[in-house]
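Visitor: For reference, the sequence and a predicted model appear below.
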Amino acid sequence: MTVTNPEEYLAALAQIRDAAQQRAFISNTEGSSSQALIEAISGRIRELLPRDPDLAQILAETNLYIASLIDTPLAWAYASRSKGQILYTMRKSADAESFFGRAIELFEKAGLSGEVGRTLVAQIDNLMYLSRYTEAHGLAERARSSLEKANDTPYLSNLEIALGNLYYRLNRYNDSLTHYDRAQKALENTDNYLAIAAISLNRAYVLTEMNRFDEAVQCFEITKRHCERHGMVLWAAIAERATSHMHYMRGNYSTALRILEQVRRKHEELDDARRVGLCDMDRAEIYLELNLFDDAAKISARAFETFDRLGNRYEAAKCLTYVGIAEFKLLNDKDAEKALVSAREIFIKEGNEVWVAVLDLWHAQLLIRQQQFSAAQELAQHSAEIFEKQQVPVQAANARVLSAQSWQELAETASALEEAQKALSEIEGYHAPWVSYQCYNTLGRLKELNGELQEAEQLYMKAIEEIESLRGNIRLDEMRMSFGRDKYQVYENIVNLKLTRGDLRAAFQFVERSKSRTLIDLLEKNLETVWDTGAEESPRLQRIRKIREELNIFYSRLNEVGATARTALADNATKEEIIRREQELIELLRELGSERSGWATLQSMQLPEVEEVQAMLLPDEVLVEYYSIGDRFHAFIVGHDSFDVVPNLTTTAAVRTSLKGLTFQLSKFHLQPAYVQSHSDPSCTNN
């Protein structure tokens, strides 16, 4: 076979989806290796990357092979840039950098200014993913000059996109939008569908950071439809996954999971292992939120294997972290420790101090469960210091609370008080009630142990106010901390305090308050149970729903790990948005009295006094209510004309033992008659 037309030859070559077979095909074709073919393959690779990355990768390897046969600077320039583009798309940015650098040098020697400019734009994007922002920004004017010198006006839009991406990473959102707008204007009435998709997708990310959430979701949807219309399956799936993440951030877990399942199937069809892994990582994170720990452990372990095979250390370490958290929740201490330690080692190699601190904090919780309080305190304090250094105050406060609780177990009251006070100082000015209630509860317990009962009660009341300030089904990330399970410990503490002081009726009131709060939280896990949803939902209820979703996002930002969270905290914008929306939510709830709303009713229910309960009872009726404090059960006995408390009725261990025995006895009902006859008392047998 003799090559007469490079485009026709490329069409035949593209039918072969194996690099070795492509090389064999080239070897059997006379005159196949030419500069024109290399340039044609380079162009095809750019077209294929968003649609068929596997074939693009095969062609890039073939291009390098052809370049080795021709062995000219220009051939190597095109082939090197193509390989760099492949590696960049796979986010192997460190490997891609040398290919881009070589291509720029060779294009300059060939005097091709336009190609120099195009490659510099690619290098700017690549450097950005390596966090080398200053270097990336420094290349911008050189790229612009090269493109203008070659009169390559259309490609200047790609430079504007690259700069928009760079400013987004630097959290300069207005500058980012400005560059995206310039790029979009330049691409009007063109068929550069890939660039248009990139602009639309990136605008959505910027709008999210600017708290323009509805615009962001709309932008993601527009991008998805655009990509599907023009056959860019990979980009459509990326936009869809971004939409899923928005739903996750808003607390709409079912919707997020449904979208992720669809996206995952698309990536599987494309044989895109990395993005399948990303979907699994997202699913595992949601399963942790939903307390589906078995599923979370399995999925994150599978995703870890994928990322480990691909050499994506950051993602692999995150997945191992999720494995560790899930196993911790499942009480599988050995498996939890193994995963957490392995993840920590990877993050140390990555130089990621914040995630190391996160893992140390989880390990500290594991040590507390194992009653290794001294080691736990050291880890928690070390975590707090790293979070403070990295300016992540909410996480630092979490760590200080855990340190205080460890000191408390070690009977080091003074140190515990100091750490708890530091935790409160950390979050001063930040609305983070899921942390502050722990601070007040810990301080209250320490004061109670010191005999300062009045001050302890005041601190417990502050903790309860913080808990009850959390409106509705607000998603609290809390770095997946196990503190959430102890949210009602403060109620136990104040009930115990009231019983100690002989204020039995007040103790009963807090028992009711605790149980009603638990019931509300359980009901609100299912919005359909407590919301009057439907086509006729009022604008007020729609606004409440939207505020709740937006508060989920803002609360999550306060707990994010890394630079984005630090910037948000330093900026004060997140705090201001939370305060504004919470005030609006409170006002809307007050206005809901005129509307039928299960959720509003739950929020405004009044708890009955002892006298009101007595009035409901007949003279021969008695209400017995059990309440556990620590590992002991207490009984509150309310009669028509009486009220008593029986303290220390039994222990949780004794109840478990009795239930175990009862379950064993009941299980015998499933046995055959022969078993009963063989073990029956002869004296009870009819003759």
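Guide: The structure has been received and is ready for your questions. Numbering: from 1, shown residues only.
Visitor: where does this structure dip in pLDDT?
Guide: 1-4, 30-31, 429-431, 469-487, 517-538, 540, 555-575, 583, 586-605, 664-687 (pLDDT under 70).
Visitor: now the residue most central in space within it: how far from T321?
Guide: By CA atoms, centre = their mean, the chain has its centre lying nearest to E285, at 5.8 Å. From E285 across to T321, the span is 10 Å (CB to CB, to the nearest Å). Every residue, glycine included, has its C-beta placed from N, CA and C.
Visitor: what does the helix or strand hosting A143 contact?
Guide: Element membership of A143, judged by DSSP states H and E, is helix 140-149. Applying CB atoms under 8 Å, 6 or more residues apart in numbering, the contact partners of helix 140-149 are 113-114, 116-118, 120-121, 124, 153, 155-156, 159, 162-163.
Visitor: How about stretch 319-334?
Guide: 277, 280-281, 284-285, 287-288, 291, 293-294, 296-297, 300-301, 303-304, 307, 335-340, 342-343, 346, 355, 358-359, 362, 365-366, 369-370, 480, 482.
Visitor: coming back round to it: can you name the element that comes right after the helix holding A143?
Guide: In the C-terminal direction, the helix or strand that comes right after helix 140-149 (DSSP H and E) is helix 156-169.
Visitor: and the angle for that next one with helix 140-149?
Guide: 170 degrees (axes from the mean of the first three to the mean of the last three CA atoms, to 10 degrees).
Visitor: list the helices and strands helix 156-169 packs on?
Guide: helix 113-129, helix 133-138, helix 140-149, helix 173-186, helix 193-209 (3 or more CB pairs under 8 Å, 6 or more residues apart in numbering; DSSP states H and E).
Visitor: So which of these is nearest R44?
Guide: Of all those, helix 193-209 sits nearest to R44, with 13.4 Å by CB to CB.
Visitor: Run through who's touching that closest one.
Guide: Applying CB under 8 Å, 6+ apart, the contact partners of helix 193-209 are 50, 157-158, 161, 164-165, 168, 171, 173, 176-177, 180, 183-184, 187, 190, 213, 215-217, 219-220, 222-223, 226-227, 230, 232, 235, 238-239, 242, 246, 564.
Visitor: what about the residue nearest to the centre of the chain, which helix or strand?
Guide: Counting by DSSP H and E, the element that carries E285 is helix 273-289.
Visitor: neighbours around A635, how many?
Guide: By the criterion of other CB atoms under 10 Å, A635 has 15 neighbours.
Visitor: what's the distance between it and L662?
Guide: For A635 relative to L662 (CB to CB), the value is 19 Å.
Visitor: Please enumerate the strands of the chain.
Guide: 622-629, 632-639, 643-651 (DSSP state E).
Visitor: Now the ones you listed in JSON lines, please, with extra columns for distance to S80.
Guide: Shown next, in JSON lines, are those (distance: least, CB to CB, whole Å):
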{"stretch": "strand 622-629", "distance to S80": "69"}
{"stretch": "strand 632-639", "distance to S80": "73"}
{"stretch": "strand 643-651", "distance to S80": "72"}
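Visitor: Of these, which stretch is the most buried?
Guide: With neighbours taken as mean count of other CB atoms under 10 Å, those reach their highest mean count in strand 632-639, at a mean of 18.
Visitor: what residues does it touch?
Guide: So strand 632-639 is contacted by 499, 507-508, 511, 610, 613-614, 617, 621-628, 643-652, 655 (CB under 8 Å, 6+ apart).
Visitor: how about 10 Å then?
Guide: Defining contact as CB atoms under 10 Å, 6 or more residues apart in numbering, one finds that strand 632-639 is touched by 495-496, 499, 504-505, 507-508, 511-512, 610-611, 613-614, 616-628, 643-655.
Visitor: Next: stretch 229-237.
Guide: Contacts for stretch 229-237 (CB under 10 Å, 6+ apart): 49-53, 89, 191, 193-194, 196-198, 200-201, 223-228, 238-239, 262-267, 269-270, 272, 275, 279.
Visitor: PyMOL command for the buried members of those residues?
Guide: Applying 16 or more other CB atoms under 10 Å to the contacts of stretch 229-237 leaves a buried subset, and the PyMOL line that selects it is:
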select buried, resi 49+50+51+52+53+89+193+194+196+197+198+200+201+223+224+226+227+238+239+263+264+266+267+270+272+275+279
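Visitor: now the helices for the stretch 301-450 of the chain?
Guide: Secondary structure of the stretch 301-450 of the chain (DSSP state H, counting those that start in this stretch): helices at 313-329, 333-350, 353-369, 373-389, 393-409, 413-426, 433-449.
Visitor: TSV please, covering the ones you listed and showing mean neighbour count and distance to N552.
Guide: Output for the helices of the stretch 301-450 of the chain, formatted as TSV (neighbours: other CB atoms under 10 Å; distance: least, CB to CB, whole Å):
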stretch	mean neighbour count	distance to N552
helix 313-329	24	20
helix 333-350	18	26
helix 353-369	22	20
helix 373-389	21	22
helix 393-409	27	15
helix 413-426	19	22
helix 433-449	24	12
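Visitor: Need the ones you listed in JSON lines (columns: distance to H137).
Guide: Converted to JSON lines, the helices of the stretch 301-450 of the chain look like this (distance: least, CB to CB, whole Å):
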{"stretch": "helix 313-329", "distance to H137": "23"}
{"stretch": "helix 333-350", "distance to H137": "24"}
{"stretch": "helix 353-369", "distance to H137": "24"}
{"stretch": "helix 373-389", "distance to H137": "26"}
{"stretch": "helix 393-409", "distance to H137": "29"}
{"stretch": "helix 413-426", "distance to H137": "34"}
{"stretch": "helix 433-449", "distance to H137": "37"}
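Visitor: With respect to E584, which of those helices lies nearest?
Guide: The nearest among the helices of the stretch 301-450 of the chain, by CB to CB, is helix 433-449 at 17.4 Å.
Visitor: tell me what that closest one is packed against?
Guide: helix 393-409, helix 413-426, helix 453-468, helix 489-500, helix 539-559 (3 or more CB pairs under 10 Å, 6 or more residues apart in numbering; DSSP states H and E).
Visitor: any idea how far A14 is from E8?
Guide: When A14 is compared with E8 (using CB to CB), they lie 11 Å apart.
Visitor: These two - which one has more neighbours?
Guide: Of the pair A14 and E8, A14 is the one with more neighbours under other CB under 10 Å, namely 17 against 11.
Visitor: circling back to that earlier point, just the CA trace of the helix holding E285, in CSV.
Guide: Included here for helix 273-289 are C-alpha records, laid out as CSV according to Å, rounded to 0.1, in the frame of the first residue of the first chain:
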residue,chain,number,x,y,z
ALA,A,273,-11.3,4.0,35.0
ARG,A,274,-10.2,7.2,36.6
ARG,A,275,-13.6,8.8,36.3
VAL,A,276,-15.4,5.6,37.4
GLY,A,277,-13.2,5.8,40.5
LEU,A,278,-14.2,9.5,41.0
CYS,A,279,-17.8,8.5,40.9
ASP,A,280,-17.2,5.7,43.4
MET,A,281,-15.3,8.2,45.7
ASP,A,282,-18.3,10.6,45.6
ARG,A,283,-20.7,7.7,46.3
ALA,A,284,-18.7,6.6,49.3
GLU,A,285,-18.7,10.1,50.7
ILE,A,286,-22.5,10.2,50.4
TYR,A,287,-22.9,6.8,51.9
LEU,A,288,-20.9,7.9,54.9
GLU,A,289,-23.4,10.8,55.3
